[in-house]
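Trainee: fold the following for me, if possible:
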Amino acid sequence: MAGYILALDQGTTSSRAILYDDHARPIKMVQQPTTLQTPRAGFVEQDAQQIWQTQISCAHDVINRAGLLATDVTSIAITNQRESIVMWDKQTGKPLAPAIIWQDRRTANYCKTLAAESATNSMNDPVHQSIDSVNMAHEVQRITGLRLDPYFSASKIAWLLENNPKLSVRASKGEIAVGTIDSWLIYKLTGGEHVIDVTNASRTLLFDIHKLAWSEALCDRFAIPMHILPKVLSSDGDFGKTKKGLFAKQIPIQAVLGDQQAALFGQGCLDAGMAKNTYGTGCFMLMNIGQQPKLSEHKLLTTIAWQRKTSPIRPDNLSFDQIVQSGKRMLQPPKKEVTYALEGSVFMAGAIVQWLRDNLGMIQQSSDVEDLARQVDSSEDVVLLPAFTGLGAPYWRSDISASITGMSRGTTKAHIARAALEAVAYQTYDVLIAMQKDSPHPLTELRVDGGAANNDLLMQFQADLLGVPVLRPRDTEITAKGAALLAGLKTGLYDESTMKASWQVDRVFEPSMSADARERHLAKWQQAIKRSLMPL
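Mentor: From the prediction side, this is the model:
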């Protein structure tokens with residue numbers, strides 16, 4: 001079966017479109033930058049129209065540059081930056097405010113107030129408890145698997161409604177729509193479909209990951225009318241077709257995944273216990289934990305990895321004659337199976353290298369850091385604690401500052417460069433150890449992607465710390481590929497063998513460090529963490 005999958009990858013700083021052939025091989029990519037605005041401290045915004053215009057421009061351009069026609073495209077897949085939100089007019093389709101991006105912290109005090117109020121109410125009224133009086137942070141985790149944090153979508157939506165009275169009135173009349181970036185793109189592509197995929201819904205702080213539905217209690221608590229939220233579909237759902245005139249034919253949208261879930265799928269982490277780490281500006285680690293959600297006891301997030309239909313199967317593997325004689329149905333209908341994941345976020349990974357480059361001027365370009373770090377055999381006692389924006393999982397301490405400790409007169413910039421790379425691996429170690437404590441499945445390997453995954457020194461040190469092989473694939477464009485694979489499976493363009501064949505290892509980094517050396521490294525890091533957490 002011939003055909004192509006058009007994957008739209010809408011990220012924080014760019015929009016991309018990639019075409020995949022019938023063997024899931026990328027044949028052409030087009031990318032355009034998008035602009036972030038920071039009008040005030042803590043505010044991070046984007047022009048929603050620019051997001052749309054760059055994405056559709058990339059889509060048209062990639063088809064033309066590949067020498068194809070829109071009629072050659074079987075299906076569209078979407079993957080996107082998560083937690084970011086857009087609010088728009090249902091009739092005109094025009095944005096009513098700038099898109100609020102996941103990095104935005106304007107609602108930090110709002111979230112703290114919610115937590116403080118609920119804690120106080122709980123003490124004052126221990127008998128008649130509701131979502132308003134119980135510990136809000138606990139309820140948020142119980143229902144959504146997430147943390148009460150401005151990182152997620154709910155407080156962003158609440159802020160727009162609270163600070164724009166006209167929007168609040170229009171919301172009550174059903175005149176506006178809100179959604180994450182996938183919802184916005186689908187609305188524009190189809191000319192009116194207001195839907196969201198389950199993985200993006202699970203990042204809003206409004207979605208019950210157990211019932212697979214919007215939580216009425218949480219919507220009430222955040223004062224968000226449920227009717228302005230999109231309809232939730234499975235990751236391989238039918239999201240509609242592109243509107244007439246947008247392409248030479250109407251193309252169905254048949255797979256949508258949040259970017260980190262797409263990377264997990266693209267890495268082939270389909271079995272419980274398999275994990276991936278994306279080394280980008282930060283690190284995003286996800287571990288497949290199977291079909292039962294497990295709330296983290298070690299400050300990680302529980303999220304939906306994907307929901308997709310299973311293939312129809314013969315009952316009890318009976319032969320055709322046996323099925324006829326038994327009177328059973330030929331095939332058991334497919335089910336919509338949900339897979340869950342544990343997730344940990346590290347705020348500073350590749351951003352540490354950018355700091356060495358841009359703020360300290362130690363290197364000309366980011367790729368130079370490995371050569372600089374290799375000028376010394378060890379970082380010696382130097383430890384870089386990269387808490388430039390606080391510490392993420394599993395500490396969640398926004399009040400911690402960055403530091404470099406253990407320096408002497410003999411310390412050089414090579415020692416600092418090596419300590420910077422080690423800091424990325426140390427943070428990953430902390431998160432994955434927390435995952436191991438939460439998950440009954442032992443980690444046997446870590447699959448990696450992202451720009452910093454091309455750093456051999458970092459990957460080897462990561463394998464040494466974890467004590468398991470680190471696997472780097474040949475194709476590092478894993479996010480778009482994950483969404484494309486799901487679309488291909490949905491349409492029948494791909495099968496499971498295509499998926500297995502599409503993931504090919506570039507290099508395996510085997511652990512080689514002695515146990516004693518490993519313990520010395522970890523002790524050095526843990527001592528630096530303890531010092532930073534000590535009260536002044």
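
Trainee: tell me where the stretch 251-400 of the chain has strands.
Mentor: Counting by DSSP state E, counting those that start in this stretch, one finds strands in the stretch 251-400 of the chain at the ranges 253-258, 275-279, 283-290, 301-309, 336-346, 383-385.

Trainee: just say which of these is most tucked in.
Mentor: Most buried of these, by mean neighbour count (mean count of other CB atoms under 10 Å): strand 253-258, with a mean of 30. Yep, even glycine has a C-beta here, placed from its N, CA and C like the rest.

Trainee: for that one, the averaged confidence score.
Mentor: For strand 253-258, mean pLDDT rounds to 97.

Trainee: list the contacts of the closest residue to Ala453 other than its chain neighbours.
Mentor: Spatial nearest neighbour of Ala453, chain neighbours left out: Tyr279 (4.8 Å); criterion: CB to CB, 6 or more residues apart in numbering. Tyr279 makes contacts with Ala349, Gly350, Val424, Val448, Asp449, Gly450, Gly451, Ala452, Ala453, Leu458, as judged by CB atoms under 8 Å, 6 or more residues apart in numbering.

Trainee: how about TSV for the strands of the stretch 251-400 of the chain, with distance to Thr479 added?
Mentor: Listed next are those as TSV, based on distance: least, CB to CB, whole Å:
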stretch	distance to Thr479
strand 253-258	9
strand 275-279	8
strand 283-290	10
strand 301-309	13
strand 336-346	15
strand 383-385	28
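
Trainee: if we can go back for a sec, and which of the contacts of Tyr279 is nearest to Ile253?
Mentor: Closest to Ile253 out of the contacts of Tyr279 is Asp449 (24.3 Å), distances taken as CB to CB.

Trainee: Lys481 against Asp475, yeah?
Mentor: Yes. Counting by CB atoms under 8 Å, Lys481 touches Asp475, with 6.3 Å between them.

Trainee: quick check, pLDDT for the residue nearest to Ala453.
Mentor: Reported pLDDT for Tyr279: 89.

Trainee: and the next helix or strand past the one helix or strand Glu117 maps to?
Mentor: Assigned by DSSP states H and E, Glu117 falls within helix 108-124. Moving toward the C-terminus from helix 108-124, the next helix or strand (DSSP H and E) is helix 136-144.

Trainee: what residues does that next one touch?
Mentor: 114-115, 117-119, 131, 146-148, 202, 204-210, 215, 217-218, 221, 295-296.

Trainee: how about stretch 149-167?
Mentor: Outside stretch 149-167, the residues within contact range by CB under 8 Å, 6+ apart are 83-85, 87, 96-97, 100, 102, 104-108, 110-111, 146, 168, 171, 176, 178, 180, 203-206, 218, 222-224.

Trainee: could you rerun that using 6 Å?
Mentor: 83, 85, 87, 97, 100, 105, 107-108, 110-111, 146, 168, 171, 178, 204-206, 222-224 (CB atoms under 6 Å, 6 or more residues apart in numbering).

Trainee: how far away is Ile289 from Asp438?
Mentor: 8 Å (CB to CB, to the nearest Å).

Trainee: got any residues that touch both of these two?
Mentor: Common neighbours of Ile289 and Asp438 (CB under 6 Å, 6+ apart) are Leu342.
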